[in-house]
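Got a predicted structure here, sequence first:
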Amino acid sequence: MTDTAPDTDARGLTGAGRPIDAEELRARTRRLLADHPPATTDRTDFLRARFDAGLAWVHYPVGLGGLDAPRALQAVVDTELAAADAPDNDPRRIGIGLGMAAPTLLAYGSEEVKRRFLRPLWVGEEVWCQLFSEPGAGSDLAALGTRAVRDGGGDWVVDGQKVWTSSAHVARWAILIARTDPDVPKHRGITYFVCDMTDPGVEVRPLRQITGEAEFNEVFLTGVRIPDAHRLGGPGDGWRVAQTTLMNERVSIGGARIPREGGMIGKAATTWRERPELRTHDLHRRLLDLWVDAEVARLTGERLRQQLVAGQPGPEGSAMKLGFARLNQAISGLEVELLGEEGLLYGEWEMRRPDLVDFTGRDAGYRYLRSKGNSIEGGTTEVLLNIVAERVLGLPSEPRNDKDVAWKDLAR
Amino acid sequence: MTEATERTGRTEQLDLLYSETEDDLRAAVRSLLADRAGHQDLLGRIETDSPYVPGLWKALAGDMGAAGLLVPEKLGGQGASHREAAVVLEELGRAVTPVPYLTSAVVATETLLALAGESVPAAELLAELASGRTVAVLALPLTASPHAKPVSTPSTVTGVADAGAADVLLVSRADGLYAVPAAEATVEPQTPLDLTRPLAQVTTEAGGGTRLAGPDEAAAAVRRGLLAGAGLLASEQLGLAEWCLEETVRHTRERHQFNRPVGSFQALKHRMAQLWLDVVGARAAARAAADALATGSPDAPLTVAVAQAYCSKVAVRAAEECVQLHGGIGMTWEHPAHLALKRAKSDQLALGSAGRHQDAVAALVDLPAPGTEAVGAG
């Protein structure tokens, strides 16, 4: 085919009526770079122009930062942009927005909501956080008790407490689930909202962790007002909406591609090579066990990535997060032992609020403590094993006594 | 290339998926094995003089062409690769089929492939093996590791797998590699832990047979044969582990105790979910090894060592869990779980134990043991 007509209709088809292909994306990316040279363009302006050109996330719809193109073709754009040294949107800083809020907004938001929120979210002008977990609702998230009540004008008033909220202290918006009907079983009485973090009823307090840092927050909600237009999905339909968010969370934790000896194992291997005096036979055997496991985890991730590119996503995604948590904990534990006397020390306990969380950052003691959270955050290992057993292997669920009981009558 | 880039840098892409051709091959092999060599057929045979199902080798190796997958067409084979042979082995592992595939169509064939360019008798024997008409095995114990220093075959060697099915024995002597007709050797069956892979003691007379190569070439060729064998054994282990998991899930969904399927108890579910994670990893590792061998990647020795160090443990764990989670029936002779357990445990020792492969990893990625300096693999 020789026709490379550049015009796009609303379905992301080129003038010839064929879907966007790699060649076409490359051409559009080069046009973006020519029109907005990164060297002389303001970072935010460049990112906005990229969004408006449909090159932000090519699988999103036309007009919302995408071109309705296959997701796998994003790599074509990213490669071109990286080669031109173009600025990116610092995805790690806005991971919750990109990974969780955006897919949910896309799936359940009104046209107006999508147009209002997606561009500043992707560009990074507005940071998002997630108000899901509560002190009384962790693994059993559907038991949550934060209440949202409709006022006379049809808007909502929210009262309750959320916990383990990263980025709440810098967030402009939050995705929030709250109980709107306590008289029906727990999964049926939840509603999903977009919450304004600048509302005077929102109070954010740092939550200090075992590492000494406060990556997360507690968020107290007192009479917070939310317009009904900021509801995603129907009243009582919030649990189903939240599944979209949570599915994307698990992909975003532990789904990244890593090189050989990337991640935690690289730290331990480097120490082993550089410090022969620390070596013992017991540690050697355990290090090799973990090195092999880490390399297999890397290959598993690579196989998963190849499946996605080939359009055959498998259930292996669930495996990544489980393996990642176990390996991080085992390797960092080994590292503290390997260090001997130095393993008795810790960098500093002063409470800090890190902008970014790097599980492989700081020192071995920090990595050891922080990685304990890897099997708790984003779905505990125990819950994920249930999910694998029931959804992948088809094993029957445990008998339950909470499915047909009104939320208000549950034990707590 | 420096060691550091060796370890971490190369972006060489391994293809870890299955092609459509490979899927078709899998379906054909699976159907053949289900027809001719189901577990009940095997249970009826393993205590006879020969566990090999009559006619099965001809159907698999000859009619289907599986024996010639590693051999280029110009040398009489199918011109496929280790990727396809790995798929055959996955199926043979699932069914724990007694056939001399790993020993003849992989280890002996790969050994001869290394020599076929220089040696006419090696090329002739290779074509025979590729057609499936002739079976040859290395006269070495099944435990021989590709990472160990090559040794000459003593005149009597024990633990030789599939020697009873072999027409030709490849014997390593001080002056090179020899092809010795089985009729000129003494092959005495041993009683193996794994009744689906017969072992024998083989005695050959000095001086007999046809010389295929001199000692240096022979050592390299044998090593190449064992490396391919170890790499593809990972696929056999993967198939076996997969079968164990599937059977265990099936059983625990059906078996009721305490008025519930036993598979609904979290204590059991988590064990099976964990096993699934292990199998997912084993698949990635086994595919990586097969692809690295198929493409002649310089990374192949490391990829094979990783696959063996990982997959042999997964297969044993899967088979042990299969017996345990089947409860009483899993301990009976009539249930095939023990066939898988015995194969998995023997496979753990075959072609280098997990520990030997880990030692190879240590050497290849420069993670030396205490008190040693980094040394090259081997």
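Sure thing, it's come through. All figures in this text were calculated on a predicted structure; none of them were measured in a lab.

Please name the nearest non-neighbouring residue to the residue most central in space within chain B.
When CA atoms, centre = their mean is applied to chain B, the residue found nearest the centroid is residue B:233 (2.9 Å). Nearest non-adjacent residue to residue B:233, counting by CB to CB, 6 or more residues apart in numbering or on different chains: residue B:351, 5.4 Å away. From N, CA and C alone the C-beta is placed, and that goes for glycine too.

Distance check, residue A:383 against chain B.
Going from residue A:383 to chain B by CB to the nearest CB, to the nearest Å gives 11 Å.

Phi and psi next, for residue A:147.
Reported as degrees, to the nearest 10, the phi and psi values for residue A:147 are phi -100, psi 140.

From residue A:276, how far off is it?
Relative to residue A:276, residue A:147 is positioned 61 Å away (CB to CB, to the nearest Å).

neighbour-wise, which of those two wins?
Taking other CB atoms under 10 Å in any protein chain shown, residue A:147 and residue A:276 do not tie; residue A:147 has more neighbours (16 against 12).

Give me the pLDDT for that one.
In this model, residue A:147 is scored at 98, pLDDT.

Assess the claim that it and residue A:160 are in contact.
Yes: if you go by CB atoms under 8 Å, residue A:147 and residue A:160 touch, sitting 5.9 Å apart.

which neighbours do those two share?
Common neighbours of residue A:147 and residue A:160 (criterion: CB atoms under 8 Å, 6 or more residues apart in numbering or on different chains): residue A:178.

Let me see the ranges of the helices in chain A.
Remark: helices assigned in chain A by DSSP state H are A:22-35, A:43-52, A:74-83, A:95-96, A:102-108, A:111-123, A:238-252, A:264-274, A:281-309, A:317-338, A:364-371, A:381-387.

top helix in chain B by residue count?
Criterion DSSP H: the longest helix present in chain B is helix B:215-254.

Let me know the next secondary structure element after that one.
As assigned by DSSP states H and E, the chain's next helix or strand after helix B:215-254 is strand B:256-257.

Give the pairing partners of that next one; include direction for each.
Note on strand B:256-257: by DSSP bridges, its sheet partners are strand B:260-261 (antiparallel).

Check what contacts the partner strand and list those residues.
With contact meaning CB under 8 Å, 6+ apart, strand B:260-261 is reached by A:395, A:396, A:399, B:252, B:253, B:254, B:255.

is it true that the third one touches residue B:259?
Translated: residue A:399. No: counting by CB under 8 Å, residue A:399 sits too far from residue B:259 to count as a contact (9.5 Å).

In the stretch 1-150 of chain A, what residue lies closest to chain B?
residue A:139 (12.7 Å; CB to the nearest CB).

wait, isn't that residue in contact with residue A:382?
Yes: with contact taken as CB under 8 Å, residue A:139 and residue A:382 are classed as touching, separated by 7.4 Å.

so what sits against both of the two?
The contact sets of residue A:139 and residue A:382 do not overlap (CB under 8 Å, 6+ apart).

How are the helices of chain B distributed by residue range?
Assigned by DSSP H, chain B shows helices spanning B:3-4, B:20-36, B:39-45, B:56-57, B:82-94, B:109-115, B:120-131, B:215-254, B:266-294, B:300-325, B:337-349, B:354-364.

tell me the angle of the fifth one relative to helix B:337-349?
Here the directions of helix B:82-94 and helix B:337-349 differ by 140 degrees (axes from the mean of the first three to the mean of the last three CA atoms, to 10 degrees).

Next, count neighbours for the residue nearest to residue B:233.
32.

Just to check, it is in contact with residue B:229?
Yes: Residue B:351 is within contact range of residue B:229, at 5.0 Å (criterion: CB under 8 Å).

Touching both of these two, which residues are there?
What both residue B:351 and residue B:229 touch, as defined by CB under 8 Å, 6+ apart, is the set B:107, B:146.

rewinding a little: for the longest helix of chain B, which residues meet the burial criterion?
B:217-219, B:221-245, B:247-249, B:251-253 (16 or more other CB atoms under 10 Å in any protein chain shown).

pLDDT averaged over it - what is it?
So the average pLDDT for helix B:215-254 ends up being 97.

what angle separates that helix from helix B:120-131?
Counting by the same axes, to 10 degrees, helix B:215-254 lies at 10 degrees to helix B:120-131.

what about stretch A:330-347, start to end distance?
For stretch A:330-347, the first-to-last residue distance is 20 Å (CA to CA, to the nearest Å).

whoops, I mixed them up, stretch A:204-219
Using CA to CA, the end-to-end distance of stretch A:204-219 comes to 5 Å.

next one: stretch A:83-97
26 Å.

Does chain B have contacts with it?
No: residues of stretch A:83-97 are not located near chain B by CB under 8 Å from any CB of the partner chain, the shortest gap being 15.6 Å.

distance between that stretch and the chain's centre?
Offset of stretch A:83-97 from its chain centre (CA atoms, centre = their mean, to the nearest Å): 14 Å.

With stretch A:149-161 instead?
Centroid separation for stretch A:149-161 versus its chain: 28 Å, with CA atoms, centre = their mean.

What's the end-to-end length of it?
Stretch A:149-161 has an end-to-end distance of 15 Å (criterion: CA to CA).

Show me which positions of that stretch end up buried.
Residues of stretch A:149-161 classed as buried: A:156, A:157, A:158, A:159, A:160, A:161 (neighbour count, 16+ other CB under 10 Å).

where does the chain have low pLDDT?
In the absence of a named chain, this looks at chain A. A:1-18, A:248-257 (pLDDT under 70).

Actually, chain B is the one I wanted.
For chain B, the stretches with pLDDT under 70 are B:1-12, B:373-378.
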